[in-house]
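# just the structure for this:
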Amino acid sequence: GNFPAPLRAIGHDVFAAAGDAFVLSFQRDGHVVTSVLLGHGGSNVLAQRLSARAPRLPRPQLALAATALRAYTGDYRAGNDTLLRIRANASTLTVQASGQGAIELAAFAADRFADPRGTCEVQFLRDAAHAVTGLKIVLAGVERDAPRVVWNTPALR
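Numbering: from 1, shown residues only. A predicted model of the protein is given here:
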C-alpha cells in the first residue's frame, strides 16, 4: 500500500531500499527464484513465490489533450501525513506523494490512469457537475481515497 521504493543491489539477488529501510534477498532453486526473504526492523519474513511470473494487465494508452489533463491537476489528501500532487505533462500525468519521487501515469480509460509497470493506478472521482473532487489510488493492491484539497505553502517570516 506504499509508493514504490528504489532499490540498490548490495549482492547477488540481494537488494536494499534507501536508508536500508528494508532488505530483499531472493532465494533460488537452481536458476528459478522460489521465494524472497524480507528483512525489516530486525525481523525476517519468508514469502514463497505464488506464480511462475507476475501477473500484469495490458493497458492501452489513450491520448488526452493537455486541456483535459489540466482538470486533474492539483493536490489530494491520502492521509494525515500524505499529500498527493498531480501534475500534467504534454500527454501524461504524474503523481507525487509527500517525500516520494514522481510516478508517470498514462490514461487507459475515462478518468483512469496507471503507470507503465503496473505499480500504481489512479481513478479520478467527479461530482454531479462533472468537477473532479477526489481520487482513488491503488498501490500494491491497497486502495486509498484522497479528496481534493487546496493546500497553500506557509509564508516564511
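# for Ala18, see how far away Leu24 is.
Separation of Leu24 from Ala18 (C-beta to C-beta, to the nearest Å) stands at 13 Å. C-beta: built from backbone N, CA, C; applies to glycine.
# more neighbours: the two, which one.
The neighbour comparison of Leu24 against Ala18 (other C-beta atoms under 10 Å) goes to Leu24, with 17 against 10.
# could you check the pLDDT of the more buried one?
The predicted local distance difference test score for Leu24 is 94.
# what do you get for the one 3 residues further on?
According to the per-residue confidence, Gln27 scores 92 in pLDDT.
# that one: how many residues sit nearby?
Gln27 has 15 neighbouring residues, counting by other C-beta under 10 Å.
# so where does it fall, helix or strand?
When elements are defined using DSSP states H and E, Gln27 is found to belong to strand 23-29.
# show me what secondary structure element comes after that strand.
Secondary structure here is assigned by DSSP H and E; on that basis, the next helix or strand after strand 23-29 toward the C-terminus is strand 32-40.
# need the contact list for the residue nearest the centre of the chain.
With distances taken as C-alpha atoms, centre = their mean, the chain has Cys120 as the residue nearest its mean C-alpha position (3.7 Å). Taking C-beta atoms under 8 Å, 6 or more residues apart in numbering as the criterion, Cys120 is in contact with 3-4, 95, 103, 105, 114, 137-139.
# and those, which two are the farthest apart?
Phe3 and Ala114 (14.1 Å; C-beta to C-beta).
# where does the chain dip in pLDDT?
Across the chain, residues meeting the criterion (pLDDT under 70) sit at 1, 52-58, 140.
# at 50 instead, please
Across the chain, no stretch falls below the confidence threshold (pLDDT under 50).
# Phe22 contacts Leu38, correct?
Yes - taking C-beta atoms under 8 Å as the contact criterion, Phe22 and Leu38 are neighbours in contact, 6.2 Å apart.
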